[in-house]
Every structure is written in structure tokens, then in C-alpha cells.
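In: Sequence first, then the predicted structure:
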There are 2 protein chains.
Amino acid sequence: MHIGILGSGMVAQAIGQKLTELGHTVKLGTRDPRKLDEWLGKVGGGASVGRFADAAAFGELLFNCTSGIGSLEALTSAGAENLAGKVLIDVANALDFSRGMPPTLTVCNTDSLGEQIQRAFPDAKVVKTLNTVNAYLMVNPSLVPGDHDMFVCGNDAEAKATVTDILKGWFGWRSVIDLGDISGARGVEMLLPLWVRLYGVFQSPMFNFKVVR
Amino acid sequence: MHIGILGSGMVAQAIGQKLTELGHTVKLGTRDPRKLDEWLGKVGGGASVGRFADAAAFGELLFNCTSGIGSLEALTSAGAENLAGKVLIDVANALDFSRGMPPTLTVCNTDSLGEQIQRAFPDAKVVKTLNTVNAYLMVNPSLVPGDHDMFVCGNDAEAKATVTDILKGWFGWRSVIDLGDISGARGVEMLLPLWVRLYGVFQSPMFNFKVVR
């Protein structure tokens, strides 16, 4: 499948590499394509790099892996017409490091980044997921042994089913909990303040939550 | 031990009953003591009821089990002099139901209820814990089978050690994770938006989180 990945950081690179290993063709979109030269050399033929709009136009399926505080601008640059009708998997967190560590969120409680993106691009099928784990865990959940959970939410049931299949079939997630419509993004994005503190306690990002019942 | 419990709802009643079963003497503090007549009849001799200030003066150890949106007012009514020097276990969540379901928080992200209470009553030793689970689970974690975690945070290391002993020795928690100072209350209070959505998904409050690593 042709997949567009918006972003050039650790998350975009981890997802891009995994998808090429699975045989898909990916295009990463970024403001500065040349900074991915080294990554491209490592990943090989299944990957290419362009501007945000190039990646969005290329993909039948899209990942938003930009920094959350820049996601709306990046997606605007990608072009609403290149997002329309497509499943847009939003893995971003709107973390604000300007107040120091641990970071706060630029949107939460009565709104969320996932909802902002869905409102700004009503013709995209936004599904929020994967934002609650480290980049390497996103595409290889077995790096943390045992059972633990991934969450999905979004307004389009078919898009959520597609994303759940991707999480399970491509990335190896065994448990995916559907939180309902895109307002569930408030729940998973507001998990970050706890996540960053646990990262500090464990001195490692290799952990995840299991809902026990 | 003489223990003061601020609040009269499900959480105050569950904790009060458990503590009397353990042989402690508790006084619940509330604006309207007479509404606890039925509960008092059920619990028996180890419990009594009074105003907020009565309960706070009575307890060597205090629990804040008031509704989070009214906690600061209730604690002010309890009297700073009755809180000074004491461990104050804050289990409240500042949930705002006025916007409909699911509730939002009245404070989060750059502040928390736990921090507000610690700032308002600097001579109390505030420890935030138990706010991430249902009242029955608070005092009987084995109601959810298997391993799952409780969090504590607070500025006073000795107070946290006392509370951790209470959680483990009195209530039966096997795993207690120390998130650091009272600003960790942001993390555990901001878990509530996910918690209320999971409650909706499972149609049951009998679940808890396990940090898997």
C-alpha cells in the first residue's frame, strides 16, 4: 500500500521503517527533506521523502507523526484536498516543553488535538491511536513483555476497524480498546502527564498500560 | 487510630467502614450530619459523624473524600489549624458534570487539586492517592483479580511512607508507585477522562491500570 507519513522525527522514522519492512511504500513529509537523507540510506528502496503535501498526496492511508504543537499547521500545509476521504491515523501529542520538564499540554480537558484535527479537516477520517506509547513500542509492542493495551477512537467506524486491523495485523497489538468517538482523544492525550512522570520514575520509556478487570 | 474523614458520599462511607472493620475509630465530617444516620446504624460503634471541623480535629490522620469541586471550601471549613502537621490523604477528583457526560476537570494540566490543597494548607502533609479507582476497589483491590497499581505523590517523604504502609497493610495494595512530589497529582487526576470513558466501554467501574514493563 502507498502510505504517507507526516513528520520526520523518531515516531515517523520508526513507523516508516516498519511499514517498509512489511512491504509497503512510504513517503515521509517534512519541511526539510534533506535531513532524512541518512534515514533513507538505512531504510532502502521502499521509502521516499517530500514536502507535507507530497506525502499526503502520495498516501492512500496517512499517519500524522508531527509534533503535536505543529500538527495543525503541518496538516494545513499538506492540503485538505490531499486528506479528504482518507484514514488519517493521528499519533501526535500536543506537548509543550516551554515551561520546562515535565511538559504540559497545549490542549486538553474540554478539547483535544484529535478533535481539533477532525474539525479542521472534516473530510478526513481521523483515528487517534498509538500516542500513549514510545515510538519503538508503537510498531513492536512485544518489546514490553506480557499483555498490555492500545486504545483507538474516532468518528468513522469503518476507519477504526481498518486501523484496528493495522494495529493487530501489521504491528502485533493483541488488545485494542475502542473508546468511541474522537472525543476519546481527550482521554488518551491526558494520559501523557502520567506517562512522562512514569518515564522519570522508571528512567525508561519501555512501559505501557494494561487495563485489568 | 483516630481518623477523620471529610466527606459523606460513597468514597467516605467505603473508607470509613473499612477503617472501623480494621479496629480504628473514625469521624466523618459533613455539612449535614443527619444524612449519615442510616450509615452509622450499619457500621456500628467505631464511627461517628460531625461537621468538617469536628472530623478534622478528631483525626490524627485525615482523608479528603469530599467532591473535588468542593474540597477547598470543605477544607477551609475544617480549619487550617485542624489540618496542620497531619497527613492528609487526598482521594478527590475535581470532576465537573455541568457540561454533561463524560465530565471534565475544573483544574488540570498546569495545576491540580492536590497542589491547590497543598498550597492552601502548607502545614498539612498532603498525599494524593486512590483517586484512580472506584470506592470499593480503594479499600479492597482484590475485587479486581490480578496485579494492578496504585500511585502516590506528595512533598513529604515520611508522609508518603506512612500512606504507602496504609495502602499495603490496611487496604491490601501490593504495588504502590511513587510519582514524586505533589505535582504528580496532575498525572493521576488527568487519568480520569480516560477512566470515565473506560467505565462507559466496560459498563462497570471495577477495573484498574497496571503499568507493564
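Out: All right, it came through fine.
In: check contacts around the residue nearest to the spatial centre of chain A.
Out: Chain A has residue A:91 as the residue nearest its centroid, 2.1 Å off, counting by C-alpha atoms, centre = their mean. Residues near residue A:91 by C-beta atoms under 8 Å, 6 or more residues apart in numbering or on different chains: A:11, A:15, A:63, A:64, A:65, A:128, A:129, A:130, A:131, A:138. Bear in mind the C-beta positions are built from the backbone N, C-alpha and C, glycine included.
In: Scan those and report the most crowded one.
Out: residue A:128 (33 neighbours; other C-beta atoms under 10 Å in any protein chain shown).
In: What's opposite that one in the beta bridge?
Out: Beta-bridge pairing for residue A:128 (DSSP bridges): residue A:90, residue A:153.
In: And the nearest residue to residue A:91 once chain neighbours are set aside, how far from residue A:137?
Out: Closest residue to residue A:91 apart from its sequence neighbours, by C-beta to C-beta, 6 or more residues apart in numbering or on different chains: residue A:130 at 4.2 Å. Distance from residue A:130 to residue A:137, counting by C-beta to C-beta, to the nearest Å: 9 Å.
In: again with residue A:168
Out: Per C-beta to C-beta, residue A:168 is found 15 Å from residue A:137.
In: the more surrounded of the two?
Out: Between residue A:168 and residue A:137, counted using other C-beta under 10 Å, the more crowded position is residue A:137 (22 against 15).
In: near chain B, which residues of chain A?
Out: A:99, A:104-105, A:108-110, A:144-148, A:151, A:177-180, A:184, A:186-188, A:190-191, A:193-198, A:200-202, A:204, A:206-213 (C-beta under 8 Å from any C-beta of the partner chain).
In: If any of these are buried, put those into a PyMOL selection.
Out: This is the PyMOL syntax for the buried subset of the residues of chain A next to chain B, where burial follows 16 or more other C-beta atoms under 10 Å in any protein chain shown:
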select buried, chain A and resi 104+105+108+109+144+148+151+177+178+179+180+184+186+187+188+190+191+193+194+195+196+197+198+207+208+209+210+211+212
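In: how many neighbours does the spatially closest residue to residue A:64 that is not a sequence neighbour have?
Out: In space, and not counting its chain neighbours, residue A:64 is closest to residue A:90: 4.6 Å by C-beta to C-beta, 6+ apart. When counting by other C-beta under 10 Å, one arrives at 32 neighbours for residue A:90.
In: quick one: contacts for residue A:90?
Out: Residue A:90 sits in contact with A:64, A:71, A:113, A:114, A:117, A:126, A:127, A:128, A:129, A:131, A:185, where contact means C-beta under 8 Å, 6+ apart.
In: can you pull the contacts of residue A:178?
Out: Residues near residue A:178 by C-beta under 8 Å, 6+ apart: A:151, A:152, A:153, A:160, A:164, B:201.
In: from what I can see the second one touches residue A:162, true?
Out: Okay, so that is residue A:152. No: Residue A:152 is not in contact with residue A:162 according to C-beta atoms under 8 Å; the separation is 10.2 Å.
In: between the two, who's got more neighbours?
Out: Counted by other C-beta under 10 Å, residue A:152 and residue A:162 do not tie: residue A:152 has more neighbours, with 24 against 16.
In: could you check the distance from that one over to residue A:161?
Out: On the measure of C-beta to C-beta, residue A:152 and residue A:161 end up 9 Å apart.
In: do residue A:44 as well
Out: To residue A:161, residue A:44 is 31 Å away according to C-beta to C-beta.
In: Next: residue A:97.
Out: 35 Å.
In: now residue A:185
Out: For residue A:185 relative to residue A:161 (C-beta to C-beta), the value is 18 Å.
In: for chain A, what spans make up the helices?
Out: For chain A, the helices defined by DSSP state H cover A:10-21, A:37-43, A:52-58, A:71-78, A:80-83, A:113-120, A:135-138, A:157-165, A:185-189, A:192-202.
In: Find the one among these with the highest mean neighbour count.
Out: Compared across those, helix A:185-189 shows the largest average neighbour count, a mean of 28 (mean count of other C-beta atoms under 10 Å in any protein chain shown).
In: Just the CA atoms of stretch A:101-110, as CSV, please.
Out: Extracted in CSV, the C-alpha atoms of stretch A:101-110 (Å, rounded to 0.1, in the frame of the first residue of the first chain):
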residue,chain,number,x,y,z
MET,A,101,10.0,19.4,32.4
PRO,A,102,7.7,17.6,32.7
PRO,A,103,5.8,19.1,29.7
THR,A,104,2.2,20.3,29.8
LEU,A,105,-0.4,20.0,27.0
THR,A,106,-1.4,22.9,24.8
VAL,A,107,-4.9,21.5,24.5
CYS,A,108,-6.8,19.2,26.9
ASN,A,109,-9.9,18.6,29.1
THR,A,110,-12.6,20.3,27.0
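In: can you list contacts of that stretch?
Out: A:68-69, A:93-97, A:113, A:116, A:186, A:189-190, A:192-193, A:196-197, A:200, B:99, B:104-105, B:108-110, B:190, B:193.
In: please redo it, this time with the cut-off set to 7 Å
Out: A:69, A:94-97, A:113, A:116, A:186, A:189-190, A:192-193, A:196-197, A:200, B:104-105, B:108-110 (C-beta atoms under 7 Å, 6 or more residues apart in numbering or on different chains).
In: Ok, stretch A:184-193 next?
Out: With contact meaning C-beta under 7 Å, 6+ apart, stretch A:184-193 is reached by A:93-95, A:102, A:105, A:108-109, A:112-115, A:128, A:131-132, A:151, A:153, A:179, B:186-187, B:190-191, B:193-194, B:197.
In: Now the two most distant members of the contacts of residue A:178.
Out: Using C-beta to C-beta, the contacts of residue A:178 span at most 14.0 Å, a distance reached by A:164 and B:201.
In: hang on, the earlier thing: from what I can see the residue nearest to residue A:91 touches residue A:138, true?
Out: Yes: at 4.6 Å, residue A:130 counts as touching residue A:138 under the criterion of C-beta atoms under 7 Å.
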